[in-house]
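[1] got a predicted structure here, sequence first:
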Amino acid sequence: MYRAFILILVAFGALGIFYSITTPLFETPDEREHFAVIQHIATGRGLPVQAEPPDHFARQEGSQPPLYYLLGAALTFWIDTSDFPGIVWENPHYGYTVPGIVNDNKNLFIHTALESFPYRGAVLAIRIARWLAVLIGALAVLFTFLFAREILRDPFLAVLASAVVAFVPQFIFISGAVSNDSTIAATSAFALWLIARMMRAQPTTRNVLALGIACGLAAISKVSGAGLFALALVALGWQMWHTRQQPNFFRNIILNFSLFTFTFSLVAGWWYARNLVLYGELTGTELMTRIFFARETPLTFDQLIAQLAEVWETFWVGFGWGNVRAQPAIYSIIAVAVLASLIGLIKFMIYDLGFRSFVASRVRSKQKSEIINHKSQILIPALWFIIVLAALVRWMMVTQAPHGRLLFPALPAIAVLVVFGLAQIGNWKLEVGSWKIAARILSFAHLSFVIFLFAISASAPFTLIRPAYAYPQTLHESDLAQIPNRVDIEYEGKIKLLGYTISARAIYPGDARELTLYWQALAAMDEDYTIAIRVLDAHQRVIGTRDSYPGHGMLPTRVMRAGQIIRDVYWLPIAPENSTAQILVSLYNRRDKRDLIARDPRGEIITPFIGQIRIAPE
């Protein structure tokens, strides 16, 4: 089993490094801001002090607890990162709503050769900070294994639980980013392991000190980690209650609670006290929401359900800024596995945690107490998951936060619950006909789930991440003859539209189609021109619109080479109108909104209509 665990740990590390290299800089949630906190500390300016509006790049992330950023600064302080502002080039057309499986302007930033190896300056510092997050993510896998072994008392299930953490695609992705999310997963797993250990043994000074340190580290990893303080107090009280017949019970309980609180405060209290002094609140989250986005009205129930669905999907796969998704079937398969696990957990609660079996077996009182204590340990991950979920729902009520990664403090607990629940399903005794075969299949459900997650994680960089940020296909002069629907429209001698294709000439109202444009740069350009695609009905009303840089946002005209020919694909939605429509393709400068003059092959000025589509009745 331990060899299998080592293999899982190595696989996670390899995948984490590969994800970190494959994902372009800043195309992970708030990576620019997270790195800005590290840079602020590394350059000797200390922790950011928040103000409205913020006067530093860290923006709302300057309100985050400091553990990850202090570690990142310790590793990168020697690097000159003064070029950091120069590598930040935003894509003004990001945010266009397309399905998560359609690769169109997924990039919030423009990426250049500055990000390429050999790394230097801010790029090197960002890479190191990413690799630090991978290392910390590996600690989350390790501590999940120790936690699961303590809870489940089964090395095989403990290995599987650690594998779930290691192979959740989104966790690998976020562990390959400059982010504190892998840090909170690791410190939470560390604290949960110590809580589980303490519930099995008598509280000792050493155990209580270690628990205070672990919970303190979680509390300065992310604010949600502070919830472990309450969970640890409950667990400590539960365990000490079972020793209430011993001498000096009240003295011991006061001593242990005081020691735990003191150690926790020593590790984390200074940061919360700093917030109280600077902002008049312990966590600093009130100012954080004002800097970022505070809701003016609370979520309705329907909105909450819709956002929880977003949390569900992005917990498993929601790369980029949550806009690079897997095929719907992937989420459906995961949902089936999680539902089966939930059924297994309910079965356990009714038949095992209800203690039917050992009441019938008439075990002795001492044995009975030990069994109850062991079985009740599964409540630790369940209770922690409930605490984290409740905190997330409350946070979603305050600000825009439908992000699955915000459940990662509970990822170790979720992994234990899922594996344990699937194991309960596999233990069902179905001995009749085909049911017996089904029972045999179910006995491998937890292993099958882990293998499925690994397959998705191993393939995602090739099937999801790289395509989302791929540069457009470059064609050669020899390909010119094969370009369909030639129009050869020239825009002020800068760029030429060679031809186009539409995925379907006839579509239904409200439908969308792919429009492929073939462009050739006629000269090097010193401006970034936006391609404007308009679909106009018979009355010249705009019923479809799309603005983008070339290369679905990846290739601004400033970086196109003279003579370069590209195949450029766009997702084009059409409003619900029944008519024949024309497609207009123009280019404009975003500074003054002036359209470039378009000329046909004869040199005459034209309105650049390129073709028609028929919108069929529904």
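    Structure's in. What do you need?

[2] helices along the stretch 451-600 of the chain, start to end?
    Remark: helices assigned in the stretch 451-600 of the chain by DSSP state H, counting those that start in this stretch are 466-468.

[3] can you list the weak-confidence ranges in the protein?
    By pLDDT under 70, the weakly predicted segments of the chain are 96-100, 241-249, 353-375, 427-443, 504-511, 576-579, 615-618.

[4] and if we set it to 50?
    Scanning the chain with the threshold set as pLDDT under 50 gives 355-372, 431-435, 437-438.

[5] now do the buried residues in stretch 392-410.
    Neighbour counts over stretch 392-410 (16 or more other Cβ atoms under 10 Å) mark 392, 395-396, 398, 401-410 as buried. Where you see a C-beta, it was placed from the backbone N, CA and C, and this is true even at glycine.

[6] do stretch 567-575 as well
    Buried residues in stretch 567-575 (16+ other Cβ under 10 Å): 567, 568, 569, 570, 571, 572, 573, 574.

[7] same question, stretch 50-57
    Buried residues in stretch 50-57, defined by neighbour count with 16+ other Cβ under 10 Å: 50, 54, 56, 57.

[8] and that stretch, C-alpha only, in CSV?
    This file holds the C-alpha atoms of stretch 50-57, laid out as CSV (Å, rounded to 0.1, in the frame of the first residue of the first chain):
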residue,chain,number,x,y,z
GLN,A,50,-5.8,47.6,2.2
ALA,A,51,-7.4,50.8,1.1
GLU,A,52,-10.4,51.9,-1.0
PRO,A,53,-9.5,52.0,-3.8
PRO,A,54,-6.4,49.8,-3.5
ASP,A,55,-3.0,51.3,-4.3
HIS,A,56,-1.3,48.1,-5.3
PHE,A,57,-1.7,45.3,-7.9
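
[9] what does that stretch contact?
    Counting by Cβ atoms under 8 Å, 6 or more residues apart in numbering, stretch 50-57 makes contact with 32-33, 36, 39-40, 48, 60, 62-63, 84-85, 278-279, 284, 287-288, 290-291, all of which sit outside it.

[10] roughly how far is it from the heart of the chain?
    In terms of Cα atoms, centre = their mean, to the nearest Å, the centre of stretch 50-57 is found 25 Å from the chain centre.

[11] ok, now how distant is the residue nearest to residue 575 when sequence neighbours are not counted from residue 321?
    Leaving aside its sequence neighbours, residue 575 sits nearest to residue 543 (Cβ to Cβ, 6 or more residues apart in numbering; 3.9 Å). Noted for residue 543: a distance of 28 Å to residue 321, by Cβ to Cβ, to the nearest Å.

[12] packing partners for the host helix or strand of residue 140?
    Per DSSP states H and E: residue 140 is located in helix 121-152. On a contact count with 3 or more Cβ pairs under 8 Å, 6 or more residues apart in numbering; DSSP states H and E, helix 121-152 meets helix 2-22, helix 31-40, helix 67-76, helix 155-167, helix 169-175, helix 181-200, helix 379-398, helix 411-426.

[13] name the residues that touch the shortest one?
    The set of residues that contact helix 169-175 without belonging to it, under Cβ under 8 Å, 6+ apart, is 12, 15-16, 19, 23, 28-29, 133-134, 136-137, 140, 165-166, 181-182, 185, 314-319, 326, 404-405, 408, 411, 453, 456-457, 460, 465.

[14] make it 6 Å
    For helix 169-175, the surrounding residues in contact (Cβ atoms under 6 Å, 6 or more residues apart in numbering) are 15-16, 19, 133-134, 137, 181-182, 316-319, 405, 456-457, 460.

[15] tell me the one of those nearest residue 338?
    Closest approach to residue 338 among the contacts of helix 169-175 (Cβ to Cβ): residue 316, at 9.5 Å.

[16] which ones are touching that closest one?
    170, 334.

[17] same check on residue 488?
    Listed by Cβ under 6 Å, 6+ apart, the contact partners of residue 488 are residue 601.

[18] could I get the phi/psi values of it?
    phi 50, psi 50 (degrees, to the nearest 10).

[19] how near is it to residue 603?
    For residue 488 relative to residue 603 (Cβ to Cβ), the value is 11 Å.

[20] over to residue 320?
    Relative to residue 603, residue 320 is positioned 43 Å away (Cβ to Cβ).

[21] one more: residue 336?
    62 Å.

[22] more neighbours, the two?
    residue 336 (12 against 7; other Cβ atoms under 10 Å).

[23] tell me which helix or strand the more buried one sits in.
    Assessed by DSSP H and E, residue 336 sits inside helix 328-351.

[24] then residue 107?
    Going by DSSP H and E, residue 107 is not in any helix or strand.

[25] what's the distance between it and residue 445?
    Using Cβ to Cβ, residue 107 is found at 38 Å from residue 445.

[26] if you count surrounding residues, which of these two has more?
    Set residue 107 next to residue 445 and count neighbours by other Cβ under 10 Å: residue 107 wins out with 26 against 21.

[27] right, and the more buried one touches residue 92 too?
    No - with contacts counted by Cβ atoms under 6 Å, residue 107 stays clear of residue 92, the gap being 11.3 Å.

[28] buried ones in the helix holding residue 140?
    Buried residues in helix 121-152, counted by 16+ other Cβ under 10 Å: 121-134, 136-152.

[29] report the two of the contacts of helix 169-175 separated the most.
    For the contacts of helix 169-175, with distances taken as Cβ to Cβ, the pair at the greatest spread is 133 and 456 (20.4 Å).
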